[in-house]
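Colleague: Predicted model and sequence follow; I will ask about them next.
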Number of protein chains: 2
Amino acid sequence: MRGVVMHAPGDVRVEDRPDPRIEQPTDAIIRVSATCVCGSDLWPYRGVQKVAGPTPMGHEYVGIVEEVGAEVGTVRPGQFVVGSFWASDNTCEICRAGYQSACVHRVPMGSLGSQAQYLRVPLADGTLVATPEVPPAGLIPSYLAASDVLGTGWFAAVAAQAGPGRTVAVVGDGAVGLLAVLAARQLGAERVIAVSRHGSRQKLAREFGATDIVTERGDEGVARIKDLTGGLGAHSVVEAVGTQESMMQAVHSTRAGGHVGFVGVTHDVAVPGMELFWSLVHLHGGPAPVRRFLPDLMRLIGDGTINPGRVFDLELPLDRAAEGYTAMDERRAVKTLLRP
Amino acid sequence: MRGVVMHAPGDVRVEDRPDPRIEQPTDAIIRVSATCVCGSDLWPYRGVQKVAGPTPMGHEYVGIVEEVGAEVGTVRPGQFVVGSFWASDNTCEICRAGYQSACVHRVPMGSLGSQAQYLRVPLADGTLVATPEVPPAGLIPSYLAASDVLGTGWFAAVAAQAGPGRTVAVVGDGAVGLLAVLAARQLGAERVIAVSRHGSRQKLAREFGATDIVTERGDEGVARIKDLTGGLGAHSVVEAVGTQESMMQAVHSTRAGGHVGFVGVTHDVAVPGMELFWSLVHLHGGPAPVRRFLPDLMRLIGDGTINPGRVFDLELPLDRAAEGYTAMDERRAVKTLLRP
């Protein structure tokens, strides 16, 4: 089969890779309908994260079940399925508490490489959620978004306790940040402040439900959010970047007793203890347990309530994956969808 | 009046200070029945925190109202009152959300110096809570504990979401840590693991409801807590020390999705972003909003349900305050009560 392999920073190729096969009786093989490039794929692409030799890429996927192992009971060949970027058994104590991304048997799907024609999904019963029937092509991008960016933005909004009566600020206007805006609105937030200085992203944030836009970053961004919230700061702040500046902007933009939900991968971030102490905020985040939210998100997509697929602004055949990486690296695209 | 003044690290004296007087119509003056030395008073005593000239000391207090300003309506002369170490109006939006320690009009009581015969309490209506009648002398230490260490330990346990069905670990065996054990138990925690290597403190932890004792610190302490929790970590962990080691022990001892409540003053602590990210814990803490809990805590003390005054293992007349500081600095005493 064809699949994306990163050889070194900036060097992404589409090559022949071995077809995956059932290795465990709990595995499924899916034919990938659509996959995409993640903001986190840019870390190795930019050389921030080490690339240890040729690496299959991708951890977001939707597809049609081709084959299942002997112990798989909840999905069957022919079904359209969505899975998270962590395979999880969905039965262990941690999964049952809603933290499937820390499942005691978790497998990172990134290690299997979903930017390919076929994909082995471990722990298929726990990981995959099927739609009632194969959806129309127009919904595929939205289901694909549920696999990571929507689920991650949703988790961030939940971690920030977005909800009725609350003002939510979202730091970061990538796909996750934009979908955190959508999530905050769906969760009932009264006011949603998007931090963005890019016209097209501001426009999408408005479509997703942002009520206010702040263009300033850092301390100026904090001051602007305080201005908008009677000097107190937002109740809920989503951090969806992963830099020191964005993390501290998030903490400082939150009122005492408020909640920060962070999902940006916090490379080189250190949270100063005294600032956290005096802020009196709640801080929660990490790799999103997308599986917790998948059934609800898939229902909202299926009935047309939400249209998260709008974050894909570049669509390419899998063989042109390298162009998709470049476009995202240069911020010409928010998110690239790949069709195997 | 007589009051404690710190002149330099290690140099604590009891001197004549001006009698406080009503300065604002919202003030009250109380005759201090008992006050005490706080673990945080040891930071300047040890030179970790700067002492900028002679500084009145103390922020914990119970006493009898002597005089109230023209606008004070909820307390009156002759009543026995307890207040927190932050004066707060208890009416602003932040107070109403339960974060009185970040009240928009807050005044740090430490700036007024409660280790003295009399004390001015700003925002008396918001800050002070009166008992139905003047309590018997035997209850005074417990009411005094409510002013800070009990309220702080209680907040830490609440921040860590101690409750039924949960295993709570407490890192730190000072007065706050010991009272977090008591709080966790009162809040219904199933199992309470105290981290302590001191026999007398272990004993008190057991009295307060600890079910297990861990003597190891750092990574070994983490391993021990994981052993006790099926390899997953505790649901709830209280951090009541304030060092890098104790903070990371707390984070690493918590299961994914669990909660860390931290109340140790986090001097020189920096929480590494990637460790926080991968831990998937909730982190919340800071200066405790003791006022939120005062009415409930005072009820539990008044009816004999709890006896937090047990943390005072040294009692001295105010004039011998310096001995109290030394005993705590040398860890010969958990906490020193001073009688003006």
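Modeller: Now that the structure is in, tell me what you want to look at.
Colleague: What residues does the stretch 51-200 of chain A have near chain B?
Modeller: A:93-94, A:97-99, A:101-102, A:104 (Cβ under 8 Å from any Cβ of the partner chain). For the C-beta atoms, the positions are set from N, CA and C on the backbone; glycine is no exception.
Colleague: Turn those residues into TSV, including pLDDT.
Modeller: Formatted as TSV, these follow (pLDDT from 0 to 100):
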residue	pLDDT
A:Glu93	98
A:Ile94	98
A:Ala97	98
A:Gly98	98
A:Tyr99	98
A:Ser101	98
A:Ala102	98
A:Val104	98
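Colleague: Include neighbour count and secondary structure when you put those into JSON lines, please.
Modeller: Listed next are those as JSON lines, based on neighbours: other Cβ atoms under 10 Å in any protein chain shown; DSSP: H, G, I helix; E, B strand; the rest coil:
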{"residue": "A:Glu93", "neighbour count": "16", "secondary structure": "helix"}
{"residue": "A:Ile94", "neighbour count": "24", "secondary structure": "helix"}
{"residue": "A:Ala97", "neighbour count": "17", "secondary structure": "coil"}
{"residue": "A:Gly98", "neighbour count": "15", "secondary structure": "coil"}
{"residue": "A:Tyr99", "neighbour count": "25", "secondary structure": "coil"}
{"residue": "A:Ser101", "neighbour count": "27", "secondary structure": "helix"}
{"residue": "A:Ala102", "neighbour count": "23", "secondary structure": "helix"}
{"residue": "A:Val104", "neighbour count": "15", "secondary structure": "coil"}
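Colleague: Compute the number of surrounding residues for the spatially closest residue to A:Ala234 that is not a sequence neighbour.
Modeller: Once flanking residues are discounted, A:Ala234 sits nearest to A:Ala169: 4.2 Å by Cβ to Cβ, 6 or more residues apart in numbering or on different chains. A:Ala169: 35 surrounding residues under other Cβ atoms under 10 Å in any protein chain shown.
Colleague: for A:Ala169, phi and psi?
Modeller: As for A:Ala169, its main-chain torsions (degrees, to the nearest 10) stand at phi -110, psi 140.
Colleague: That one bridge partners, please.
Modeller: Bridge pairing for A:Ala169 (DSSP bridges) gives the partners A:Ile193, A:Val237.
Colleague: Point to the residue nearest the middle of chain A.
Modeller: Residue closest to the mean C-alpha point of chain A, counted by Cα atoms, centre = their mean, is A:Val149 at 2.3 Å.
Colleague: Low-confidence stretches in the stretch 1-150 of chain A?
Modeller: Within the stretch 1-150 of chain A, no range satisfies pLDDT under 70.
Colleague: can you do 90?
Modeller: By pLDDT under 90, the low-scoring segments of the stretch 1-150 of chain A are A:39-40, A:48-49, A:52.
Colleague: Helices along that one, start to end?
Modeller: A:42-45, A:93-96, A:124-127, A:140-146, A:149-159 (DSSP state H, counting those that start in this stretch).
Colleague: thought A:Ser114 was touching A:Val62?
Modeller: No. A:Ser114 is beyond contact range of A:Val62, at 9.5 Å (criterion: Cβ atoms under 8 Å).
Colleague: just to revisit the earlier point, quick one: which of the residues of the stretch 51-200 of chain A next to chain B is nearest to B:Glu66?
Modeller: Lowest distance from B:Glu66 to these (Cβ to Cβ) belongs to A:Ala97, with 52.3 Å.
Colleague: Next up, phi/psi of A:Arg291, please.
Modeller: Dihedral angles (degrees, to the nearest 10) for A:Arg291: phi -60, psi -30.
Colleague: What's the local residue count around it?
Modeller: Using other Cβ under 10 Å, A:Arg291 has 26 neighbouring residues.
Colleague: Setting the sequence-adjacent residues aside, check what's closest to it.
Modeller: Distance criterion Cβ to Cβ, 6+ apart; nearest residue to A:Arg291, sequence neighbours excluded, is A:Gln100 at 3.9 Å.
Colleague: A:Ile193 is in contact with the residue nearest to A:Ala234, correct?
Modeller: Yes. A:Ala169 is within contact range of A:Ile193, at 4.2 Å (criterion: Cβ under 8 Å).
Colleague: For the two, list the residues in contact with both.
Modeller: Counting by Cβ atoms under 8 Å, 6 or more residues apart in numbering or on different chains, the contacts common to A:Ala169 and A:Ile193 are A:214, A:225, A:234.
Colleague: which one of the residues you listed sits closest to chain B?
Modeller: A:Ala234 (12.7 Å; Cβ to the nearest Cβ).
Colleague: could you measure the closest one against A:Thr254, distance?
Modeller: Look at A:Ala234 and A:Thr254: by Cβ to Cβ, to the nearest Å, they are 6 Å apart.
Colleague: shared neighbours of these two, anything?
Modeller: Common contacts of A:Ala234 and A:Thr254 (Cβ under 8 Å, 6+ apart): A:Ala169.
Colleague: List the contacts of A:His259.
Modeller: A:159-161, A:235-237, A:281-282, A:284.
Colleague: check which helix or strand covers it.
Modeller: In this structure, A:His259 sits in strand A:254-262 according to DSSP states H and E.
Colleague: Indicate each strand paired with that strand and its parallel or antiparallel sense.
Modeller: strand A:234-239 (parallel), strand A:282-285 (parallel).
Colleague: which one of those strands lies closest to A:Pro141?
Modeller: With Cβ to Cβ as the criterion, A:Pro141 lies closest to strand A:234-239 of the strands paired with strand A:254-262, at 22.1 Å.
Colleague: could you give me the average pLDDT of that closest one?
Modeller: On average, the pLDDT along strand A:234-239 is 98.
Colleague: Let me know the angle separating that strand from helix A:149-159.
Modeller: Inter-element angle recorded for strand A:234-239 and helix A:149-159: 150 degrees (by axes from the mean of the first three to the mean of the last three Cα atoms, to 10 degrees).
Colleague: The stretch 151-300 of chain A: strands as residue ranges?
Modeller: For the stretch 151-300 of chain A, applying DSSP state E, counting those that start in this stretch gives strands covering A:167-171, A:191-195, A:212-214, A:234-239, A:254-262, A:270-272, A:282-285.
Colleague: Redo those strands as TSV? Include distance to B:Trp43.
Modeller: Formatted as TSV, the strands of the stretch 151-300 of chain A follow (distance: least, Cβ to Cβ, whole Å):
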stretch	distance to B:Trp43
strand A:167-171	33
strand A:191-195	36
strand A:212-214	37
strand A:234-239	30
strand A:254-262	22
strand A:270-272	17
strand A:282-285	24
